[in-house]
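[1] model this:
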Amino acid sequence: MLELSRSVYDELIAHARERAPEECCGVLGGRQGADRSRADRHRRASNIASDPETAYELDPEEQLAHMQAIEDAGQDVVGFVHSHPAGPPRPSRTDERQATWTGYSYVIVVLDGAEPFVGSWRWTGERFQQETVAIQSAESPT
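    Okay, here's the model as predicted:
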């Protein structure tokens, strides 16, 4: 399960809308657990893919800087996020080929539809396994 703070959930959707029709991407920080993680920080990253409307690629130096900043704040890197402005609401074959962080959440924001969809999958090292996403209310404790 991945818990998202309400502010991170809202930020993910806002970032995806701002970057559309290109895919947005970023790094999530919070508390990493084997069965349950919580993200309460989203760090936007530049998409340096050659075709950012159909793919994403985090700049390696920027990704490292974001991960270091999260750890310097006493948090864990929880996972990564990107958008599919026109779907599908699941990891693509390209996403599977590029996944490298075993045990981390890969969040996808989809804008194709009446309401945004935010889903998450953990990379097992061989495949993505969908996990439940829970959005915490503003009053929920961290």
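
[2] pull the residues that contact the lowest-mean-pLDDT helix or strand in the chain.
    Of all helical and strand segments in the chain, the minimum by mean pLDDT, DSSP states H and E falls on helix 93-98, at a mean of 92. Applying CB atoms under 8 Å, 6 or more residues apart in numbering, the external contacts of helix 93-98 come out as Ala55, Glu57, His82, Tyr106, Ile108, Arg127, Phe128. Yep, even glycine has a C-beta here, placed from its N, CA and C like the rest.

[3] what's the farthest-apart pair in those residues?
    Glu57 and Arg127 (20.8 Å; CB to CB).

[4] and the residue lying closest to Tyr9 once chain neighbours are set aside, what does it touch?
    Nearest-residue entry for Tyr9: Ile135, 4.9 Å, with adjacent residues in sequence omitted and distances by CB to CB, 6 or more residues apart in numbering. The contact partners of Ile135, by CB under 8 Å, 6+ apart, come to Glu3, Leu4, Arg6, Tyr9, Val118.

[5] among the contacts of helix 93-98, which ones are in helices?
    Using DSSP state H to define helices, no part of the contacts of helix 93-98 is located there.

[6] which of those residues sits closest to Gln32?
    Among the contacts of helix 93-98, and counting by CB to CB, the member closest to Gln32 is Tyr106, at 13.4 Å.

[7] so the most centrally placed residue in the chain bridges to which residues?
    For the chain, the residue nearest the mean C-alpha position is Val81 (1.8 Å; CA atoms, centre = their mean). Val81 has the following beta-bridge partners by DSSP bridges: Gly26, Val107.
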